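# the sequence isn't on hand, but the structure is:
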C-alpha cells in the first residue's frame, strides 16, 4: 500500500470525507486496545509506533536488544513477520529462511539475537522462553493487547509526526492518539522534530518522558561510495527518510526510486534498475530491508550483487537514561 499524501498535510476535503469511516475504525481499535492481555512469563519490552508507515521501529528494537545483551541479559526479538507467509511460532534462521517466509524485518532482527516470528504473540512469547530468552523485545505491537507489556517505547518520525492527526483511513494513526498515549511509557523522537509539535504537547500534558535519537549511516558504506553518484531505491515505510539519510551522509543521488512498503521486487524491476543505473553511470544504493528481500531469489541475484547497502543504527542522545528505564523493566 502506498500511503496517500493528504495524511501528512493539514486535514482537508479527503480527510473530512473519510471521517465517518475513521470514527468507526478508531472506535474498534480503541476498544481492542482496552482489552486485557496475558501476562507472559518473561518481561515484554514493546517497540511500537502510533502511525502506519515507517518511523524507525526496527533500528530501535535492535538498539534495545543490544542494550540488554550488553547488560548480560538474553533477549529474544518477537515479530509478527509482516510480509511473510509463515504464521509461526518459528525461530528465524537467516541461512535458511527467506523474506517471503518470515518478512524482511525478522531477518534483520535475527542478526542480533534469537528472533521469533509469530502472529499469535502469546505463543510467540512461549517460544521465546523455550529458546532460552529471559526478556522479550517485541517489534511492533503497541496496538496489540494480547500480551501485557512491561515497558512500551513509541517511536515517532520527528519530521512527519502524526501527520494530520486523524485515524485511518482519514489519516495515518492506527488508533485514536489518546488511547495510544495511555499505553505508552516513553516517546522516542527520531530525527528533527519539525512535524511533531502537537504530539510533543500531548506528551507533555501527560508527563510522558521524551527521548531524541537519529539514524546514523554506516561510515564504511558511505566511504565506499565517496565521490560516486547513486541511484537510490527503497521499498520501506518512508523512502524519503532513507534518501534524506543518504544525502545527509554526503551521497549524491540524482535518481531516487520509491516502491511500496515491503515491496517484493520482480525480475523486470531488477533489470530496469540495473539498466537505468548503467545508462546514467550511477551506483545502485538501497536499504538493508530491501536487500533482505532479494536474498535467495534467483531473478534478483544480479540486482543483489550490484546494489550497495546503507546500514543505519540508532543513536540516542540520552542513551544512559533510556537504558536505565529499559533495564529496570527487564529486571522487574
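Okay, I see it. Note that the coordinates shown come from a computational prediction; the quantities given were computed from them, not determined experimentally. Residues are numbered from 1 along each chain as shown.
# the strands in the stretch 101-250 of the chain, which residues?
Along the stretch 101-250 of the chain, the segments classed as strands by DSSP state E, counting those that start in this stretch run 115-117, 135-139, 151-157, 186-190, 210-217, 229-234.
# tell me the buried residues in the first one?
This means strand 115-117. 115-117 (16 or more other Cβ atoms under 10 Å). (Each C-beta comes from the backbone N, C-alpha and C, glycine too.)
# ok, the longest one next?
Within strand 210-217, the residues scored as buried using 16+ other Cβ under 10 Å are 210-215, 217.
# reformat the residues you listed as TSV; add distance to residue 172 and pLDDT.
TSV is the format used below for the buried residues of strand 210-217 (distance: Cβ to Cβ, whole Å; pLDDT from 0 to 100):
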residue	distance to residue 172	pLDDT
210	20	95
211	22	96
212	21	95
213	20	95
214	21	93
215	20	92
217	25	94
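# output these in a markdown table; the columns should cover distance to residue 188.
Below are those laid out as a markdown table (distance: Cβ to Cβ, whole Å):
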| residue | distance to residue 188 |
| --- | --- |
| 210 | 8 |
| 211 | 5 |
| 212 | 8 |
| 213 | 6 |
| 214 | 11 |
| 215 | 12 |
| 217 | 19 |
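# which among these gets closest to residue 4?
residue 215 (24.6 Å; Cβ to Cβ).
# please list all residues in contact with the closest one.
Neighbouring residues of residue 215 by Cβ atoms under 8 Å, 6 or more residues apart in numbering: 56, 59, 190-191, 241, 245, 312-315.
# are any of those residues buried, and if so which?
In these, burial by neighbour count holds for 56, 59, 190-191, 241, 245, 312, 314, counting by 16+ other Cβ under 10 Å.
# out of these, which are inside helices?
Secondary structure assignment (DSSP state H) places 59, 241, 245 from these within helices.
# with those residues in mind, which one is nearest to residue 230?
Ranked by distance to residue 230 (Cβ to Cβ), those are led by residue 245 at 12.4 Å.
# ok, the closest one touching residue 310?
Yes - taking contacts as Cβ atoms under 8 Å, residue 245 lies within contact range of residue 310: 7.1 Å.
# report the secondary structure state of residue 269.
helix (DSSP: H, G, I helix; E, B strand; the rest coil).
# for the nearest residue to it once chain neighbours are set aside, list the residues it contacts.
The shortest distance from residue 269 to any non-neighbouring residue, by Cβ to Cβ, 6 or more residues apart in numbering, is to residue 259 (7.9 Å). If you count contacts by Cβ under 8 Å, 6+ apart, residue 259 has them with 233-235, 239, 265, 269.
# what's the closest of those to residue 204?
When the contacts of residue 259 are ranked by distance to residue 204 (Cβ to Cβ), residue 239 comes first, at 31.0 Å.
# so who does the closest residue to the closest one other than its chain neighbours touch?
Nearest residue to residue 239 in three dimensions, chain neighbours excluded: residue 258, at 4.2 Å (Cβ to Cβ, 6+ apart). By Cβ under 8 Å, 6+ apart, the contact set of residue 258 is 233-235, 239-240.
# among the contacts of residue 259, who's most crowded?
residue 233 (27 neighbours; other Cβ atoms under 10 Å).
# that one reaches residue 256, doesn't it?
Yes - contact criterion Cβ under 8 Å: residue 233 and residue 256 qualify, at 7.3 Å.
# how far away is the residue nearest to residue 307 when sequence neighbours are not counted from residue 222?
In space, and not counting its chain neighbours, residue 307 is closest to residue 284: 4.2 Å by Cβ to Cβ, 6+ apart. Per Cβ to Cβ, to the nearest Å, residue 284 is found 15 Å from residue 222.
# same deal with residue 115?
Applying Cβ to Cβ to residue 115 and residue 222 gives a distance of 27 Å.
# repeat for residue 56
Relative to residue 222, and taking Cβ to Cβ, residue 56 is found at 19 Å.
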